[in-house]
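Q: Predicted model and sequence below, questions to follow.
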Amino acid sequence: MWNTEAAAVAAAHSVDPDRWRAAFGDVVDRIAPLFARYEPLRHAAGLMLGMLSGLDRKNCWTIAEHRGQPTPHGLQHLLARAVWDADAVRDALRTSVVEHFADPGAVLVIDETGDLKKGAHSVGAGAPVHRHRGSGGERAGRRVRDLRRPPRPLIS
C-alpha cells in the first residue's frame, strides 16, 4: 500500500542529513541578499523548514511551536511587515530547484480540477465560483483548484 507516510519513511532513509543541511544552507545563502535585515531571513528559513516539516497543520502558530518559539510574532512580522522582495525570493528558489532537479525532457502539467461544493459550510462556499458543465452534463458551481504536479519525463 502506498501512502505519504510510507513515502516519508522511504525518503528519510535515503537522505544524508549533513548533505541536506548543507544544501539548505546554500538556499538560505542564495536568498540572503534579498532581505534588508538578518531577522526576517532567519524567520524565512524557519518558515521554509516548517513548511517542509511533517506537521499536520502548517500555520504561523504550529511552525513557531515546532521551532521552539513562544509566539508566532516573528513569522507574522515576516509575512505582514518585514522588508523583503517575495517575488525575487520565489525566483531565486525556483532557480535553485531547476538547477538541482531539472530534467531536460520534463513536462509541466497544469490540472484545473473542479471540486464540487455542497452545502453552506463548505470552505469558500460563500465566494463566487466558476460554473462548469460536469461530465454527466449537469451544470454546477465548482471551486477550481490549480494542481501543479512535479515535472516528469516524457513517455515515448
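A: Thanks, I have it.

Q: Find the nearest non-adjacent residue to residue 35, please.
A: Spatially, and ignoring its direct neighbours in sequence, residue 35 is nearest to residue 41 (4.2 Å; C-beta to C-beta, 6 or more residues apart in numbering). For glycine as for every other residue, the C-beta is placed from the backbone atoms N, C-alpha and C.

Q: Low-confidence stretches in this structure?
A: Within the chain, the segments meeting pLDDT under 70 span 1-13, 107-156.

Q: would you list every one of the strands in it?
A: Here the chain has its strands, by DSSP state E, at 106-107, 110-116, 130-133, 139-148, 152-153.

Q: hang on, the earlier thing: list the contacts for the residue nearest to residue 35?
A: 28, 31-32, 35 (C-beta atoms under 8 Å, 6 or more residues apart in numbering).

Q: Could you identify the buried members of those?
A: Among the contacts of residue 41, those buried by neighbour count (16 or more other C-beta atoms under 10 Å) are 31, 35.

Q: mind listing which of the contacts of residue 41 are in helices?
A: 28, 31 (DSSP state H).

Q: what number of residues lie near residue 17?
A: When neighbours are defined as other C-beta atoms under 10 Å, residue 17 has 8 of them.

Q: quick one, domains of this protein?
A: With automatic domain parsing as the criterion, the domains of the chain are listed as 4-101, 106-153.

Q: which residues of the chain fall in helices?
A: Going by DSSP H, the chain shows helices at 4-14, 17-31, 38-52, 60-66, 73-80, 86-101.

Q: Just the buried residues of the second one, please?
A: Neighbour-count burial for helix 17-31, with 16+ other C-beta under 10 Å as criterion, is recorded at 27, 31.

Q: As CSV, could you dump the C-alpha coordinates of it?
A: Taking Å, rounded to 0.1, in the frame of the first residue of the first chain, the C-alpha atoms of helix 17-31 are listed here in CSV:
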residue,chain,number,x,y,z
PRO,A,17,21.3,14.8,7.0
ASP,A,18,24.6,16.6,6.7
ARG,A,19,24.3,16.9,2.9
TRP,A,20,20.7,18.1,3.3
ARG,A,21,21.7,20.8,5.9
ALA,A,22,24.5,22.0,3.6
ALA,A,23,22.1,22.2,0.6
PHE,A,24,19.5,24.1,2.7
GLY,A,25,22.3,26.4,3.9
ASP,A,26,23.1,27.1,0.2
VAL,A,27,19.5,28.0,-0.4
VAL,A,28,19.5,30.4,2.5
ASP,A,29,22.7,31.9,1.3
ARG,A,30,21.2,32.4,-2.1
ILE,A,31,18.2,34.4,-0.8
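
Q: Fine by me, thanks again.
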